[in-house]
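Participant: sequence below, structure please.
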Amino acid sequence: MIIAVASGKGGTGKTTVAAGLAISMSAERKIQFLDCDVEEPDAHLFLRPSLLEKEPVFVPEPVVDQSLCDYCGRCMEVCAYNAIAVFERNVLVFPQLCHGCGGCSYFCPCRAIAEKGRIIGVLEAGRSGNMDFVHAVLNIGEAQPVPLVKAVKKRLNPECLVIVDASPGTSCPVVEAVRGSGFCLLVTEPTPFGLHDLAMAVEMTEALKIPRGVVINRSDLKYDDIIENFCLSRGIPLLLKIPFSREVAGFYARGVNMAEGIPEWRETFRELYQKVMVFSETVARYKR
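Facilitator: Residues are numbered from 1 along each chain as shown. Model (predicted):
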């Protein structure tokens, strides 16, 4: 089972829920935690894994052999990202715009374009107790996080309960992180902004055809009803409410997850997992 944890906006407590679920379930079965928030990974601060592996992540970058090029401009025409500019006697490549699709080298009639690997970040893997852990860190200044997300997901072990911690929002790296999951937990906050961005996250899961449920973090702020009414109107299960708690915030400030600092929350997260499984099985039966 692959459970993705996502949110329409940052600061909702997405990693808190993902880490709490992983910690709580690790006592019962083998867990793999994939932190796909490659631009700002922070799950390791709470799970404290021993990182035993480290490897660079490359993307292909076009290199033009000017001695072979006839400056026909075909590479510029096929590049959907404007990463190549062809002039009368020169070709410029803009690496930060290149998505590494290989179209320029494939369509070049002169075979003047080759590809070399360019490091955009680093992947690290290790263990935390009964949990396998993988994350990646995008290099400063790089604009393409998706290849790093794909590199993390290549480590996915289908024999484990896999928890995928996506980055906030609904952009390309989030879509790549959530894609292929069996269920998506959408973590939100009971505010008008939280509702607005939750609606976008719901649309994303609908487009990906992934079952989803909602977790309200920092509940009891008088606006719970706007999230509850939205979920009711869209037929989305509200699976958990996490109260606005000074105790929880205190543990968080010390880098301790609530499931680790408050033992009662472990059972709550186990119940959350059971709700996810029941809802997933119900959806699967309905589709059949």
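Participant: who does the strand or helix carrying Val137 pair up with?
Facilitator: Using DSSP states H and E, Val137 sits within strand 131-138. Neighbouring strands of strand 131-138 in its sheet, by DSSP bridges, are strand 31-35 (parallel), strand 113-128 (antiparallel).
Participant: output the contacting helices and strands for the helix or strand that it is followed by.
Facilitator: Following strand 131-138 in sequence order, the next helix or strand is helix 146-153 (DSSP H and E). Counting contacts by 3 or more CB pairs under 8 Å, 6 or more residues apart in numbering; DSSP states H and E, helix 146-153 packs against strand 31-35, strand 50-64, strand 113-128, strand 131-138, helix 172-178. Every C-beta, even on glycine, is put in place using the N, C-alpha and C of the backbone.
Participant: try it again at 7 Å.
Facilitator: Applying 3 or more CB pairs under 7 Å, 6 or more residues apart in numbering; DSSP states H and E, one finds that helix 146-153 makes contact with strand 50-64, strand 113-128, strand 131-138, helix 172-178.
Participant: could I get these as a markdown table with mean neighbour count, distance to Ala80 and mean pLDDT?
Facilitator: Putting the helices and strands packed on helix 146-153 into a markdown table (neighbours: other CB atoms under 10 Å; distance: least, CB to CB, whole Å; pLDDT from 0 to 100) gives the following:
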| stretch | mean neighbour count | distance to Ala80 | mean pLDDT |
| --- | --- | --- | --- |
| strand 50-64 | 15 | 14 | 94 |
| strand 113-128 | 17 | 16 | 94 |
| strand 131-138 | 22 | 22 | 97 |
| helix 172-178 | 22 | 14 | 96 |
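Participant: will you turn those into JSON lines that also has distance to Ser105?
Facilitator: Conversion of the helices and strands packed on helix 146-153 to JSON lines gives the following (distance: least, CB to CB, whole Å):
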{"stretch": "strand 50-64", "distance to Ser105": "6"}
{"stretch": "strand 113-128", "distance to Ser105": "4"}
{"stretch": "strand 131-138", "distance to Ser105": "25"}
{"stretch": "helix 172-178", "distance to Ser105": "23"}
